[in-house]
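A.B. asks: please work out how this folds:
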Amino acid sequence: MENKEELQTEEQALNQETDNVSENIEAVVEETVEISETEKLQGEIAELKDKYLRLYSDFDNFRKRTAKEKLEMIQSASEKVIVDIIPVIDDIERATANAQEGEISEGIQLIFNKLSNTLATKGLKPMDAKGQVFNPDVHEAITQFPAPTEEDKGKVFDVVEKGYYLNEKVIRFAKVVVAN
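C.D. replies: Residues are numbered from 1 along each chain as shown. Next up, the predicted model:
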């Protein structure tokens, strides 16, 4: 009987050890599952952060692009009006150059100065072409003239029609006579 009791005691001890091992295995499996779920969730978080940053960047680029387009649209609208006014400026310049001294001449000059100052505040600048080296990016050669000196070759000899910049952009090329 002693053997039976010893066997039963050993069997109980083995059963308890087996239960403990089973519990340990289950705990390890649960930890592994939790770790893999944690890694999976961290991967999803990283993916969502990346997606968020891309959307934020896209929106920021969109906002900057629309602001730039709006500014360009405003400038181009004013450009059309200013281009239409330039021939009037030319006419006033010719009138003041050929006008006789008097109150009317002074009045026209005052009006011209006021108009010129107003357009200058909008970004209109006349080109200073006479005596400059001919530049096909801003000058339009109407004709060529023999250069009086070697130093004058390739330079603008005379300005037939003044050119203009609007905010550093050429809106009318200067029509010039080039010395050759």
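A.B. asks: centroid residue for this structure?
C.D. replies: In the chain, the residue lying closest to the centroid (CA atoms, centre = their mean) is K68, at 6.2 Å.
A.B. asks: any idea which helix or strand comes after the strand or helix carrying that one?
C.D. replies: Using DSSP states H and E, K68 falls within helix 2-98. Downstream of helix 2-98, the first helix or strand assigned by DSSP H and E is helix 103-121.
A.B. asks: that following helix to helix 2-98, inter-axis angle?
C.D. replies: Relative orientation of helix 103-121 versus helix 2-98 (axes from the mean of the first three to the mean of the last three CA atoms, to 10 degrees): 170 degrees.
A.B. asks: chain center to helix 103-121: distance?
C.D. replies: 36 Å (CA atoms, centre = their mean, to the nearest Å).
A.B. asks: what sits up against it?
C.D. replies: I82, I85, I89, I92, E93, A95, T96, A99 (CB atoms under 8 Å, 6 or more residues apart in numbering). (Glycine included, C-beta is placed from N, CA and C.)
A.B. asks: shaky segments in the protein?
C.D. replies: 1-2 (pLDDT under 70).
A.B. asks: circling back to that earlier point, name the nearest of the contacts of helix 103-121 relative to F157.
C.D. replies: E93 (19.6 Å; CB to CB).
A.B. asks: please name the nearest non-neighbouring residue to that closest one.
C.D. replies: F112 (7.1 Å; CB to CB, 6 or more residues apart in numbering).
A.B. asks: quick check: that neighbour vs E103, distance?
C.D. replies: 15 Å (CB to CB, to the nearest Å).
A.B. asks: tell me which of the two has more neighbours.
C.D. replies: F112 (17 against 7; other CB atoms under 10 Å).
A.B. asks: if I look at the more buried one, how far off is N98?
C.D. replies: Relative to N98, F112 is positioned 13 Å away (criterion: CB to CB).
A.B. asks: then G43?
C.D. replies: 82 Å.
A.B. asks: what do you get for T149?
C.D. replies: From T149 over to N98 (counting by CB to CB), the distance is 30 Å.
A.B. asks: how many neighbours does A141 have?
C.D. replies: 16.
A.B. asks: just the element for it, please.
C.D. replies: Per DSSP H and E: strand 139-145 holds A141.
A.B. asks: CA atoms only: put that strand into PDB for me.
C.D. replies: Taking C-alpha atoms only, strand 139-145 is exported to PDB below (Å, rounded to 0.1, in the frame of the first residue of the first chain):
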ATOM      1  CA  HIS A 139      15.200  96.500 -76.000                       C
ATOM      2  CA  GLU A 140      13.700  96.300 -79.400                       C
ATOM      3  CA  ALA A 141      16.000  97.500 -82.200                       C
ATOM      4  CA  ILE A 142      14.100  99.600 -84.700                       C
ATOM      5  CA  THR A 143      17.200 100.500 -86.700                       C
ATOM      6  CA  GLN A 144      21.000 100.700 -86.600                       C
ATOM      7  CA  PHE A 145      23.100 103.900 -86.900                       C
END
